[in-house]
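Novice: Would you be able to build a 3D model of this:
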Amino acid sequence: MCVANSIQMPRKQYLRLKEILKELTQLEYERLQIPFQSGFDYHDWPVLKPSADGMDVNLSFMEWGLIPAFIHTRADADKFRKGFKDAGGYHPPRLTLNAIGEEMLDKPSFKEAARKRRCLVLSSGFFEWRHLPKIGKSGKVLKQTDTYPYCVFMPGHDYFYMAGIYQTFTDKESGEMIDTFAIVTKKAIGIMEQVHNIKKRMPVILTEEDARRWILPDLADEEILELVNKDLPNEFIDAHAIAKDFRTRPHPTEEVLYPELPALVK
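Specialist: Reported below is the predicted structural model:
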C-alpha cells in the first residue's frame, strides 16, 4: 500500500534507467521537488512513461488515481472516487491509488493497463504508519493502538522506481484527455512488514534492472507477476520514524526519535 509519497530530486541534470539517460529541464527539476503529497488529493505525480517500443522513456506528470476506461466523465470519476447515493442506496468509494499486484491481471479496472501500459513511479521516500499496542492507565493493553508515521527509503539512492500502471482518461463531455496511474503493491516483507504492520502491504519497488524490464512491451503474464512478486534484499530498503505532524513540516522525511518505539529488526 502506498498513498503518500515524496520526491526531492538532487541537483542533477538527468534521470537514469540503465542505458537511458533523460536530461532534465529547469522546469522539470523544479517540479521534482515535492516533499509530501497525499494520493487522496488526486494531483499530478512524476512518472516515467515508456515509448511504444520500450526503448526510451519520457518524464510525464500523471494524475495519481487510475480512472478506469468505463468511466466517461469527470463527474462520474468524482462519484467513483468519493462514493455516492442514488435510488439503489449508497455506493462506497472505489480506491485506485494502488493496484494489488497479485490480482490486477484479473480486475476489470486494471487488467488491460497491467498488460499494455506499465510505467515507473518516481520516489525518494514514501510514508507509512506503524501501529503499536496502546497501554491504558491501569497498565492493560487497549483495543486502540498508537500510530507512528515512518518514511521508507532506499539507502544510498536519491530516487528509486515503483512499479506503476496507467490509463488515459477521456472526458466524453469536455474532450479532456489525461493519463492517470496506480502504484502496484505486493505483500510486505522485511522492514515493511514491521512498519506497515496492520495491512502488511508495500509498493513494488524495482531495482534499476527490473525497472527496465517492467516497461518492456509484450511481457507475458508470468513475467509481470514474476516482477511483482520478486523480493528485494533487506538491505535495499530502510525506514525511520518521522514527526507526527510531518505533513506540514518543511522537511517531512526528517528522522524523529521516539523512546517508546521498539527498533526495527534489519
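Novice: Look at residue 39 and say how many residues are nearby.
Specialist: 19 (other C-beta atoms under 10 Å). All C-beta spots, glycine's among them, are computed from the backbone N, C-alpha and C.
Novice: Could you do residue 8 as well?
Specialist: If we define neighbours as other C-beta under 10 Å, then residue 8 has 17 of them.
Novice: And the closest residue to residue 112 other than its chain neighbours, how far from residue 155?
Specialist: Nearest residue to residue 112 in three dimensions, chain neighbours excluded: residue 69, at 7.1 Å (C-beta to C-beta, 6 or more residues apart in numbering). As judged by C-beta to C-beta, to the nearest Å, residue 69 and residue 155 stand 39 Å apart.
Novice: On the three-state scheme, the residue nearest to residue 112 is what?
Specialist: Put simply, residue 69 is coil when judged by DSSP: H, G, I helix; E, B strand; the rest coil.
Novice: measure it to residue 126 for me?
Specialist: 27 Å.
Novice: Counting neighbours around each, name which of these two comes out higher.
Specialist: Set side by side, residue 69 and residue 126 show more neighbours around residue 126, with 25 against 14, by other C-beta under 10 Å.
Novice: Tell me the secondary structure of that one, please.
Specialist: In three-state terms, and counting by three-state DSSP, residue 126 is strand.
Novice: who does the longest strand along the chain touch, helix- and strand-wise?
Specialist: Secondary structure of the chain per DSSP state E: the longest strand is strand 141-153. Packing contacts for strand 141-153, counted by 3 or more C-beta pairs under 8 Å, 6 or more residues apart in numbering; DSSP states H and E, involve strand 125-135, helix 190-195, strand 238-241.
Novice: just these: most buried one?
Specialist: helix 190-195 (a mean of 20; mean count of other C-beta atoms under 10 Å).
Novice: contacting residues around that one?
Specialist: 128-130, 150, 152, 188, 200, 202, 231, 234, 237-239, 264-266 (C-beta atoms under 8 Å, 6 or more residues apart in numbering).
Novice: Now for those: which two are most distant?
Specialist: Farthest-apart pair in the contacts of helix 190-195 is 129 and 231; separation 22.2 Å (C-beta to C-beta).
Novice: Right, I'll call it a day here.
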